[in-house]
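# Please work out how this folds:
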Amino acid sequence: GEIVRWDKFDADTLEQLLGLESADEQRAAAKRLLELNNSTRIDNYSSSLAGIIRAVKKYGADHFAGRAEGDGTSDGKSRKTKLEKDAEKEAWRQILAEDGILDEDAADVGGEIDDRAEIGKLTGIPQANDVILYALPVCAPYSTLSKYKYRVKLTPGSLKRGKASKQAVEMFVRGDTDKSPKAEELHRFIKAVDDNTWVQSMIGDCKISAAGASKISKQIKQKKKSGGGKKKK
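From the prediction side, this is the model:
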């Protein structure tokens, strides 16, 4: 059958998979990833699997069972009736609508529910009239992120993922020339991203490059030195 090599995943994501409560949940997450791999292009397997794991934790493995089984199976299990299938779709639609992923009024109950609809809400170029809910770090080819408001270039270096993530945050906040209230709001969202999320989206053994990076690095070092001097007193 189809397989996905384990070297496409980072250790943190695999630990999350093994941390699911039951083997059924682990299998459901793995099968859902395989379905996505067969139906669409996946650029970041770790991020995709992490999202599926969050869905399994929130909704349980049963919500993915219908997708994995299809219309019937060859191991003696009975086929689901159309009524049962419609009931499952309706239940799933309501869950997505309650979570703000799907517009309940515009949902097509008779069609396939797209649980990737939330991707359409993401933007790398926030506008003044946008209502921002959270910040989400991503790692992609630099040309893909060329129009993003907050971005840094990662080149081969010696920084580990944790330290590189912290430096990136400093670049985004300190290096931003926009001092408007909207920018301050965006800075708060950037700072609110937890360390684990940053580490999962960052590559290791890198160097941070950005406009004014050296100046900001010096400011960070000076701040640490001055802070250390105060502690000694």
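# How about the contacts made by Trp140?
Rather than Trp, residue 140 is Ala. Residues counted as contacts of Ala140 (C-beta atoms under 8 Å, 6 or more residues apart in numbering) are Asp43. Any C-beta I mention is one placed from the backbone N, CA and C, and that applies to glycine too.
# Confirm that it lies within a strand, as I assumed.
No. Read with DSSP: H, G, I helix; E, B strand; the rest coil, Ala140 is coil and lies in no strand.
# shaky segments in this protein?
Where the chain drops to pLDDT under 70, the residues are 1-8, 63-88, 90-118, 211-221, 223-225, 227-233.
# Which parts of the protein are helices?
Along the chain, the segments classed as helices by DSSP state H run 11-18, 23-39, 45-59, 62-69, 82-98, 161-174, 181-192, 195-201, 213-232.
# Output the second one as PDB - backbone C-alpha positions only.
Meaning helix 23-39. Backbone C-alpha positions of helix 23-39 (Å, rounded to 0.1, in the frame of the first residue of the first chain) are rendered in PDB as follows:
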ATOM      1  CA  ALA A  23      -4.000   3.000  19.300                       C
ATOM      2  CA  ASP A  24      -7.300   3.700  17.500                       C
ATOM      3  CA  GLU A  25      -6.600   7.400  17.600                       C
ATOM      4  CA  GLN A  26      -3.100   6.900  16.400                       C
ATOM      5  CA  ARG A  27      -4.300   4.900  13.400                       C
ATOM      6  CA  ALA A  28      -7.100   7.400  12.700                       C
ATOM      7  CA  ALA A  29      -4.500  10.200  12.500                       C
ATOM      8  CA  ALA A  30      -2.200   8.200  10.300                       C
ATOM      9  CA  LYS A  31      -5.000   7.200   7.900                       C
ATOM     10  CA  ARG A  32      -6.200  10.800   7.600                       C
ATOM     11  CA  LEU A  33      -2.700  11.900   6.700                       C
ATOM     12  CA  LEU A  34      -2.500   9.200   4.100                       C
ATOM     13  CA  GLU A  35      -5.800  10.200   2.600                       C
ATOM     14  CA  LEU A  36      -4.600  13.800   2.300                       C
ATOM     15  CA  ASN A  37      -1.300  12.600   0.800                       C
ATOM     16  CA  ASN A  38      -3.200  10.700  -1.900                       C
ATOM     17  CA  SER A  39      -5.600  13.600  -2.700                       C
END
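# Give me the buried stretch members for that helix, please.
25-26, 28-29, 31-33, 35-37 (16 or more other C-beta atoms under 10 Å).
# mind listing what Phe172 touches?
Counting by C-beta under 8 Å, 6+ apart, Phe172 touches 150, 152, 187, 190.
# Widest-spaced pair of those residues?
Val152 and His187 (15.0 Å; C-beta to C-beta).
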